[in-house]
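K.L.:
build me a model:
(one chain, ligands or ions: 2)
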Amino acid sequence: MNTIESKANEEKRSLSFVEQLVEEDLAEKKNSGRIQTRFPPEPNGYLHIGHAKAICMDFGVAEHYKGICNLRFDDTNPSKENTEYVENILNDISWLGFKWENIYYASDYFEKLWEFALWMIQRGYAYVDEQTSEEIARQKGTPTEPGQASPYRDRPVEENLELFHKMNTPEAIEGSMVLRAKLNMADPNMHFRDPVIYRIIQTPHHRTGTKWHCYPMYDFAHGQSDYFEGVTHSICTLEFVPHRPLYDKLIDFLKESDGTADVLNDNRPRQIEFNRLNLTYTVMSKRKLHTLVEEHFVNGWDDPRMPTLSGMRRRGYSPESIRNFIDSIGYTKFDALNDVALLEAAVRDDLNKRATRVSAVLDPVKLVITNYPDGQTEEMESINNPENEAAGTHNITFSKNLWIERDDFMEEAPKKFFRMTPDKEVRLKNAYIVRCTGCTKDTNGNITEIQAEYDPDSKSGMPGANRKVKGTLHWVSADHCLTAEVREYDRLFNIENPSADERDFRELLNPESLKVRANCFVENHLASIKPGEYLQFQRTGYFVLDPDSTETHLIFNKTVGLKDTWAKEKAKA
Ligand code: ATP
Ligand code: MG
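P.N.:
Ligands and ions are numbered 1, 2, ... in the order given. Purely as a prediction, here's the structure:
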């Protein structure tokens, strides 16, 4: 067992530590037994499969304990956010199969947060610092050395109020002033060393326009929003562990400001952290994903090679397979790297139950059944899904001239080659047993046509079909098929953990992550297939129609192969 697999199993055992903590709170009757969670995306990019892990937890806990889960856009940084992202996030969450109770925006609380900041200043808990961010950083100290006080730390309340109002004017220059909470410059927790809580941003906000010119920082918006909404469990990822004391401290201040300080443990959100999802051969950082899109290393956020939910949807992953994968890796307190092969196995598992089986030849070579009458055709019954009888059947047309896969034929084959080779019998799927009689080559020795004779008594279902023939090949009729483009995808990165590599991540990209086959032949049944319908190209893999597809130009994305050939390749290397 490799390290990644053993990590995954270890994770499975400690599946529900979050639920255990929630149950403790329920047993203590905290928040009068109410359960309320939220999923808090920042609308500054598309959701990726890491977000799906958070979504499954946030919505899962609410569902399990009959509480509610809201969606809250943490939109406090207008320079990176927009409504396109908001809309795609809504779409992706619905696609995963979750229903939020309400949609909230941190920007709805700008007024309240402003009032709270004023209260902080009036109490002497906050001050305006006019130093540069570099100066402030220099004074921060280190975890073992205390920081130094800003020269502005003790300025009078009136001056702070005046400057804070100035920060919120169109004339304010970004970076010229910040509002800092006055906590403790010697605290061992660096987040307590007078954290910045407001900064000037002059980019208009996608919802509030130019109403505001300064905006709360994450730490001064997230916990506060949780509190305003009545969130009971604020579940997030491990990097927020060191923020938790500040989260709690600022809630104390809020409770002091609204006069509920004496009921400290009621109506108090509790932050709980779990490990992030990281996948092999990809990156999950939004900054890097932005670069991939903006510098055209991929064709947009929904490129099927991206770890985004929209990319995975376009590639043909079902939401169920993503949720099953997330269930299988579980939630822990340790960061791990999850093997993408586990995700692919979950996809195969799910698609096997639902994909319609069809015939498609990706690397075609002509096969002529020389003893089959010219112009004759037969409709052969093809089972849509052997795993699901209710899926029924469809017909595929058989005729004299067929396409088969080039690598299903060898002129001189080794013993164990059970496909087509002269003088040997193979079965054509849903049709007849044929015996290869030879092939034709061009002057360069490339095979241009293969010939075979069929046994008329060997049609599927006839007694003659029962004799033992080792190989079964898929095919399409040359005069009864459609041309299609097929896009095959490989790992986006060449190395297992690009995030841990010192080199620029762009240098680690796999230059062969996209392979386009322009001249594939697919059976006519695919003319009526809908986008999003899961398909299995028999013997090849799972596929789905790409949204770029038109009636005259069909395009299919390869979702995943039938077997994990990549693991084999890796073992060979
Ligand atoms: P940013 O760098 O922009 O903050 P982010 O990935 O943290 O990126 P958010 O929109 O802030 O994006 O994330 C929303 C929620 O999703 C947060 O609660 C965050 O903890 C969670 N989340 C983000 N990435 C992962 C991940 N890889 N695994 C699990 N949860 C994640
Ligand atoms: Mg974040």
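K.L.:
for the helix or strand containing residue 327, buried residues please.
P.N.:
Here residue 327 sits within helix 319-329, counting by DSSP states H and E. Across helix 319-329, burial judged by 16 or more other C-beta atoms under 10 Å covers 319-326, 328-329. Using the backbone N, CA and C atoms, a C-beta is placed for each residue, glycine as well.
K.L.:
okay, and the beta partners of the spatially closest residue to residue 102 that is not a sequence neighbour?
P.N.:
Nearest residue to residue 102, sequence neighbours excluded (C-beta to C-beta, 6 or more residues apart in numbering): residue 70, at 4.7 Å. Beta-bridge partners for residue 70, by DSSP bridges, are residue 38.
K.L.:
same check, this time on residue 127
P.N.:
residue 180.
K.L.:
who in the stretch 151-300 of the chain is up against ligand 1?
P.N.:
Proximity of the stretch 151-300 of the chain to ligand 1, by C-beta under 6 Å from any ligand atom, involves residues 236-237, 276-277, 284, 286.
K.L.:
got these as a markdown table, with neighbour count columns?
P.N.:
Listed next are these as a markdown table, based on neighbours: other C-beta atoms under 10 Å:
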| residue | neighbour count |
| --- | --- |
| 236 | 21 |
| 237 | 16 |
| 276 | 16 |
| 277 | 25 |
| 284 | 17 |
| 286 | 17 |
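K.L.:
closest to residue 43 out of those residues?
P.N.:
Using C-beta to C-beta, residue 286 is the member of these that lies nearest residue 43, at 11.0 Å.
K.L.:
rewinding a little: what about the residue nearest to residue 102, how many neighbours?
P.N.:
Applying other C-beta atoms under 10 Å, we find 19 residues neighbouring residue 70.
K.L.:
give the full set of residues in contact with residue 91.
P.N.:
The contact partners of residue 91, taken as C-beta atoms under 8 Å, 6 or more residues apart in numbering, are residue 310.
K.L.:
for the strand or helix carrying it, buried residues please.
P.N.:
Using DSSP H and E, residue 91 maps to helix 83-96. By 16+ other C-beta under 10 Å, the buried positions in helix 83-96 come out as 85-86, 88-90, 92-93, 95-96.
K.L.:
ok, so of these, who is nearest residue 411?
P.N.:
Closest to residue 411, out of all of those and judged by C-beta to C-beta, is residue 95, at 48.4 Å.
K.L.:
can you confirm whether the helix holding residue 327 lies near ligand 1?
P.N.:
No. Helix 319-329 stays out of contact with ligand 1 when judged by C-beta under 6 Å from any ligand atom, the minimum separation being 9.2 Å.
K.L.:
give me the contacts around that helix.
P.N.:
Contacts with helix 319-329, where a contact means C-beta under 8 Å, 6+ apart, come from 8, 11-12, 49, 52-53, 56, 95-97, 277, 309, 312-313, 336, 338, 342-343, 346-347, 349-351.
K.L.:
tell me which of the residues you listed fall in strands.
P.N.:
Residues of the contacts of helix 319-329 located in strands (DSSP state E): none.
K.L.:
put the buried members of the residues you listed into a PyMOL selection.
P.N.:
Selection of the buried residues among the contacts of helix 319-329 in PyMOL, burial being defined by 16+ other C-beta under 10 Å:
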select buried, resi 8+11+49+52+53+56+95+96+277+309+312+313+336+338+342+343+346+347+350+351
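K.L.:
what does the protein put close to ligand 1?
P.N.:
Contact residues, the chain versus ligand 1 (C-beta under 6 Å from any ligand atom): 40-42, 44, 50-51, 53-54, 236-237, 276-277, 284, 286.
K.L.:
got those as JSON lines, with pLDDT columns?
P.N.:
Converted to JSON lines, those look like this (pLDDT from 0 to 100):
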{"residue": "40", "pLDDT": "98"}
{"residue": "41", "pLDDT": "97"}
{"residue": "42", "pLDDT": "96"}
{"residue": "44", "pLDDT": "96"}
{"residue": "50", "pLDDT": "98"}
{"residue": "51", "pLDDT": "98"}
{"residue": "53", "pLDDT": "98"}
{"residue": "54", "pLDDT": "98"}
{"residue": "236", "pLDDT": "97"}
{"residue": "237", "pLDDT": "97"}
{"residue": "276", "pLDDT": "96"}
{"residue": "277", "pLDDT": "97"}
{"residue": "284", "pLDDT": "96"}
{"residue": "286", "pLDDT": "95"}
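K.L.:
from those, which land in helices?
P.N.:
In helices, judged by DSSP state H, the following of the residues of the chain next to ligand 1 are found: 50-51, 53-54, 286.
K.L.:
which members of the residues you listed define the maximum pairwise distance?
P.N.:
Using C-beta to C-beta, these span at most 15.0 Å, a distance reached by 53 and 286.
K.L.:
for the residue in the stretch 401-550 of the chain positioned nearest to ligand 1, which three-state class applies?
P.N.:
When scored by C-beta to the nearest ligand atom, the stretch 401-550 of the chain has residue 499 as its residue closest to ligand 1, at 10.7 Å. In three-state terms, and counting by DSSP: H, G, I helix; E, B strand; the rest coil, residue 499 is helix.
K.L.:
is it in contact with residue 508, as I believe?
P.N.:
No. Counting by C-beta atoms under 8 Å, residue 499 does not reach residue 508; the two are 9.7 Å apart.
K.L.:
nearest spatial neighbour of residue 315, skipping sequence neighbours?
P.N.:
Using C-beta to C-beta, 6+ apart, the closest residue to residue 315 is residue 304 (3.5 Å).
K.L.:
contacting residues around the one you found?
P.N.:
311-312, 314-316, 487, 489, 546, 557.
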